[in-house]
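# no letters, just coordinates:
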């Protein structure tokens, strides 16, 4: 990695979940979620970001989302299933990202709202093009993702330090 090359974080909300009689943590994807997750994976591939590490919540719906989305990527990154992502606040998610090793350049975090959307809002000190406006207009629906870019080490990641460079959400 060159010194001038920024790090990138893809904040990816799980695809649409079903509501069967199970605990929230064990909720599976709905039929629509199983269709949207690979589409999100293809769109992530279109960004050209070579993902080095995936940090995925341990919930059933996030694991299923990632399993379907990652099949669309040109390379499968190392994946860590991290229970601290489930029900995490934006501050807790920043603390988790701060633990990332410096040899990791690009991370995708697969998680839940309101934490993922809150993290995108808190980290974004600005945005490129219309990405910020599209995210404000659409919110952060199931299977949406935001791409943020920042300079420096993971330990230095803090509120306002990143730029929102891309945003995508499936069509409703």
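Yep, it's here. Fair warning: this is a prediction, and the values are worked out from it, not measured in the lab.
# and the gap between the residue of the chain most remote from its centre and residue 28?
Most distant from the centre of the chain: residue 21, at 27.0 Å, with distances by C-alpha atoms, centre = their mean. According to C-beta to C-beta, to the nearest Å, residue 21 stands 12 Å off from residue 28. In short, each C-beta sits where N, CA and C put it, glycine included.
# residue 153 too?
In terms of C-beta to C-beta, residue 153 sits 37 Å off from residue 28.
# name all residues that make contact with residue 125.
By C-beta atoms under 8 Å, 6 or more residues apart in numbering, the contact set of residue 125 is 160, 161, 162, 163.
# of those residues, which is the most crowded?
Ranked by neighbour count (other C-beta atoms under 10 Å), the contacts of residue 125 have residue 162 at the top, with 27 neighbours.
# how about the strands in this protein?
When secondary structure is read from DSSP state E, the chain shows strands at 7-13, 53-56, 78-81, 106-111, 124-127, 145-150, 162-168.
# residue 92: which of the ones you listed is closest?
Among the strands of the chain, strand 106-111 comes nearest to residue 92, with 10.5 Å by C-beta to C-beta.
# any weak-confidence spans in the protein?
Scanning the chain for pLDDT under 70 picks out the ranges 1-4, 172.
# change it to 50
Across the chain, residues meeting the criterion (pLDDT under 50) sit at 1-2.
# where do the helices of the chain begin and end?
31-46, 60-70, 90-98, 115-123, 131-138 (DSSP state H).
# tell me the contacts of residue 63?
56, 57, 81.
# how far away is it from residue 81?
For residue 63, the distance to residue 81 (C-beta to C-beta) stands at 7 Å.
# shared neighbours, those two?
When C-beta under 8 Å, 6+ apart defines a contact, the residues bordering residue 63 and residue 81 alike are 56, 57.
# sorry, back to before: what touches both of residue 21 and residue 28?
Counting by C-beta under 8 Å, 6+ apart, residue 21 and residue 28 have no contacts in common.
# count the neighbours of residue 146 for me.
Residues near residue 146, counting by other C-beta under 10 Å: 29.
# so what's it bridging to?
Residue 146 has these beta-bridge partners by DSSP bridges: residue 11, residue 167.
# ok, it touching residue 43?
No. If you go by C-beta atoms under 8 Å, residue 146 and residue 43 don't touch, sitting 12.0 Å apart.
# isn't residue 8 up against residue 147?
Yes. Counting by C-beta under 8 Å, residue 147 is a contact partner of residue 8 at 6.0 Å.
# many thanks, I have nothing further to ask.
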